[in-house]
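Student: 3D model of this:
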Amino acid sequence: MVKHIELFVKDNRLVELQNDLATIVTEDEFQNSIIELNQDTSGFKTYTLKAPLPERLSVREIIKFWCKWYDSKLSLDTVLYECKLFPFNHKKIKKLTTSELKLVHLAKLFLVPETKFIIKEPLQNLSIETKHTVLNLLNELSKYNSIITLTNHTEEALLISNNCYRLTEKTFKPIETSQYEPNHQQDISDSNQLERQQIKRLTVKTNEKTLFLDPIDIDYLEGQDGKVVIHVGNEQYTHDTTLQAIETIIVPYGFYRCHRSYIVNLQKVSEIISWSKNNYSIRLNNTKEMLIPLSRQKAKEIERFFNINE
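Tutor: I've put the predicted structure just below:
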């Protein structure tokens, strides 16, 4: 197994990622930059998992073609079974759903001779069931290959790998969730900019304005680069404090620290999803696509809020 991956990021900077499966959270512009910098120099093969395929062929036909073309040791039926393609293996490419098509593209990675992949947005626009399958396939691929996934969503990055990095205009650094350890009181003084009001509103000072938010309207809060991003519907507000500091104020309003980097409004929780024994997510009732990470340690603890075991 490869112990590290070397990759060029912005401005031809070479970095070392300490895992066979790593995820970089960055904007689309920087994703494209990473792809361009590495496609000819680092031996990486890029896959968007949405390149055009022959529409008149069936799933079975195109997998059979790839098996022969790449002289794969895997049999046709093995690929169809392992990549969950059997249920629609006779379906024409042009009639596939987005989720089905992405699985077909991912199956190709088990057949090609390359061993170093950059995969762009592997979980984007997928059903919950397909996300589960893709996560399993990525883990299986990483046993024998070096894989870098690119995404603009921290939540998806944390699902894919514990080895996550954030690339911005000025920095490239690991996403250090350990900096949000609970029961630390040293940052409490930072909460002087965000106070609980008698009228049950939160005063949030941003760079541009002062907002008065009703806690019931807040979906969740995310710790990001030492600050807190407050998510309200489709709006996001960045507040200059720490997640630890804001936790002491927001929890009495029915919020819960579900992950080192996330605090969720329990009133907005609609579903707890178990991806594997140690991998969980929370889905909010205002969106089908948005998933909040739920740490393994918190998975059982949160059950008492919903009387799951009663």
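
Student: helix/strand/coil for the closest residue to residue 243 other than its chain neighbours?
Tutor: In this structure, residue 243 finds its nearest non-sequential neighbour in residue 223, 3.6 Å apart by Cβ to Cβ, 6 or more residues apart in numbering. Bear in mind the C-beta positions are built from the backbone N, C-alpha and C, glycine included. Secondary structure for residue 223, judged by DSSP: H, G, I helix; E, B strand; the rest coil, is strand.

Student: what is the burial count for residue 223?
Tutor: 25 (other Cβ atoms under 10 Å).

Student: residue 137 sits in which helix or strand?
Tutor: helix 128-141 (DSSP states H and E).

Student: mind listing what's buried along that helix?
Tutor: Burial within helix 128-141, assessed by neighbour count using 16 or more other Cβ atoms under 10 Å, is assigned to 130, 131, 132, 133, 134, 135, 137, 138, 141.

Student: quick one: contacts of that helix?
Tutor: With contact meaning Cβ atoms under 8 Å, 6 or more residues apart in numbering, helix 128-141 is reached by 21, 82-84, 99-100, 102-103, 106, 109-110, 117, 119, 122-123, 126, 147, 149, 159-160, 273, 275-276, 279, 283.

Student: sitting in strands, which of the residues you listed do you find?
Tutor: 21, 117, 119, 147, 149, 273, 275, 276, 279, 283 (DSSP state E).

Student: where's the residue nearest to the last one when sequence neighbours are not counted, which helix or strand?
Tutor: The spatial neighbour of residue 283 that comes closest, neighbours along the chain excluded (Cβ to Cβ, 6+ apart), is residue 271 at 4.2 Å. Here residue 271 sits within strand 269-276, counting by DSSP H and E.

Student: please compute how far that strand lies from its chain's middle.
Tutor: 15 Å (Cα atoms, centre = their mean, to the nearest Å).

Student: ok, now stretch 248-257?
Tutor: Per Cα atoms, centre = their mean, the centroid offset for stretch 248-257 relative to its chain is 24 Å.

Student: tell me the mean pLDDT for it?
Tutor: Throughout stretch 248-257, pLDDT has a mean value of 85.

Student: using CSV, write down the CA coordinates of that stretch.
Tutor: Extracted in CSV, the C-alpha atoms of stretch 248-257 (Å, rounded to 0.1, in the frame of the first residue of the first chain):
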residue,chain,number,x,y,z
THR,A,248,-22.2,27.2,25.1
ILE,A,249,-24.6,29.8,23.8
ILE,A,250,-26.5,27.9,21.1
VAL,A,251,-27.0,24.5,22.8
PRO,A,252,-29.8,25.7,25.2
TYR,A,253,-31.9,26.4,22.1
GLY,A,254,-32.0,22.8,21.1
PHE,A,255,-28.7,22.4,19.2
TYR,A,256,-26.3,19.5,19.4
ARG,A,257,-22.6,19.1,18.8
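
Student: so, low pLDDT: which residues of the stretch 1-150 of the chain?
Tutor: 1-3, 40-41 (pLDDT under 70).

Student: okay, helices next: where are they in it?
Tutor: 28-38, 59-69, 76-82, 98-108, 128-141 (DSSP state H, counting those that start in this stretch).

Student: the fourth one to strand 116-120, inter-axis angle?
Tutor: Taking axes from the mean of the first three to the mean of the last three Cα atoms, to 10 degrees, one finds that helix 98-108 is oriented at 170 degrees with respect to strand 116-120.

Student: tell me the spacing between residue 78 and residue 107.
Tutor: 10 Å (Cβ to Cβ, to the nearest Å).

Student: which one's more surrounded, these two?
Tutor: Neighbour tally, residue 78 and residue 107, criterion other Cβ under 10 Å: the higher count belongs to residue 107, 22 against 13.
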